[in-house]
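J.: Show me how the following folds:
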Amino acid sequence: MQYREYGNSSKPLMMFIHGGGVGGWMWDEQVQHFSNYHCIVPELLSVSPFSIEHCANKILQLIEEKANGKTVIVIGFSLGAQIAIQMLSIKPDVSDFTIINSALVIPSPTMTGLMQPLIRLTFPLVKKKTFAKLQAKTLYIDDHYFERYYHESSTMHIEVLLQILQENMSFSIPPNFHKAQGKILITVGEKEKSVMKKSAKALLQHHPNCYGVLLGNIGHGVSLAKPAFFNDFVEHWIKDGQLPKETVI
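T.: Sure, this is the predicted structure:
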């Protein structure tokens, strides 16, 4: 698995796992802010063939190589959050702190069945900049990152995209998630789809020691939309357990 390292290698380890449709660059604001930590940002598309479980095992191996008994913090967004859940289910004691942002855990068999023919039909749109700009807007990707986002999305092979979407839309809470240790924070945006909010509640029901927060006035992608806010609440939660002043789920 390809990855990048930042910060101070003698300090606690922070593992940032990006979402689908974006790359490790989505965490640029975070690795700059947390320069006093040992930050690692894996590139999920370097894992082939792609699967959530395969990625989870690769990142677990990476943590084993790099942690050396240090405090471990895992932060995942969307697809990356699903991978974080899978990691906790495989190795419950992998992290001391885990932040699961916008994880879909309620599969939709109907949508999953329709997905492949629909994606094959609409795939040419991915190469259109006007379409890409609409997609980028939903993920809070600004002009600074748009060209990078567009290049990556327009050069992705359709079979890889189908693998990612299949994994994302069929993911459900693994049987061993309730055994996960450490402190776990579940977040979801107030403006996200109802299935995302239901997913957050389902995670909380499966693990009574998780905390859940509904982030006000935000959709899918708080770390890109409000990086300063995101960095601040992550830092406070890790240091003193202080939750964002938002709605507790």
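
J.: tell me how far the longest helix along the chain is from the chain's mean position?
T.: Criterion DSSP state H: the longest helix present in the chain is helix 52-67. With C-alpha atoms, centre = their mean, to the nearest Å as the basis, helix 52-67 stands 15 Å off its chain's centre.

J.: Mind listing what's buried along it?
T.: 52, 54-60, 62-63, 66-67 (16 or more other C-beta atoms under 10 Å). Every C-beta, even on glycine, is put in place using the N, C-alpha and C of the backbone.

J.: how about the strands in this structure?
T.: Secondary structure of the chain, counting by DSSP state E: strands at 3-7, 13-17, 38-42, 72-77, 97-101, 183-189, 211-215, 247-248.

J.: ok, Ile85 - contacts?
T.: 76, 100, 103, 105, 173-174, 177, 203 (C-beta atoms under 8 Å, 6 or more residues apart in numbering).

J.: Let me see the contact set for the most centrally placed residue in the chain.
T.: Taking C-alpha atoms, centre = their mean, the centroid of the chain lies closest to Phe77, which sits 1.9 Å from it. Under the criterion of C-beta under 8 Å, 6+ apart, the neighbours of Phe77 are 17-19, 26, 101-102, 221, 223.

J.: Apply 7 Å and report the result again.
T.: 18-19, 101-102, 223 (C-beta atoms under 7 Å, 6 or more residues apart in numbering).

J.: pLDDT below threshold where in the chain?
T.: For the chain, applying pLDDT under 70 flags the ranges 109-115, 246, 248-249.

J.: circling back: would you format the strands of the chain as a markdown table with distance to Gln135 included?
T.: Output for these, formatted as a markdown table (distance: least, C-beta to C-beta, whole Å):
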| stretch | distance to Gln135 |
| --- | --- |
| strand 3-7 | 24 |
| strand 13-17 | 20 |
| strand 38-42 | 22 |
| strand 72-77 | 16 |
| strand 97-101 | 19 |
| strand 183-189 | 17 |
| strand 211-215 | 21 |
| strand 247-248 | 28 |
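
J.: partners of Val74 in the sheet?
T.: Beta-bridge pairing for Val74 (DSSP bridges): Met15, Thr98.

J.: follow-up on the earlier one: now the contacts of Phe77 in CSV, with neighbour count?
T.: Formatted as CSV, the contacts of Phe77 follow (neighbours: other C-beta atoms under 10 Å):
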residue, neighbour count
His18, 24
Gly19, 25
Asn101, 26
Ser102, 29
Ser223, 25
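
J.: Among these, which ones are in helices?
T.: Going by DSSP H, the helices hold Ser223 from the contacts of Phe77.

J.: Farthest-apart pair in the contacts of Phe77, please.
T.: Farthest apart among these by C-beta to C-beta are His18 and Ser102. That separation is 12.1 Å.

J.: In this structure Glu192 contacts Gly219, no?
T.: Yes - counting by C-beta atoms under 7 Å, Glu192 does reach Gly219; the two are 5.6 Å apart.

J.: Pull up the overlap in contacts between those two.
T.: By C-beta under 7 Å, 6+ apart, no residue touches both Glu192 and Gly219.

J.: For the closest residue to Glu152 other than its chain neighbours, what are phi and psi?
T.: Spatial nearest neighbour of Glu152, excluding adjacent residues (C-beta to C-beta, 6 or more residues apart in numbering): Gly23 at 5.9 Å. Here the main-chain torsion angles of Gly23 (degrees, to the nearest 10) amount to phi -120, psi -170.

J.: Pretty sure Glu43 is one of the things Gly23 touches, is it not?
T.: Yes - between Gly23 and Glu43 there is a contact under C-beta under 7 Å: 6.2 Å.

J.: For the protein, list the residue farthest from the centre, please.
T.: Leu121 (27.2 Å).

J.: What's the separation between that one and Leu134?
T.: Distance, Leu121 to Leu134, using C-beta to C-beta, to the nearest Å: 17 Å.
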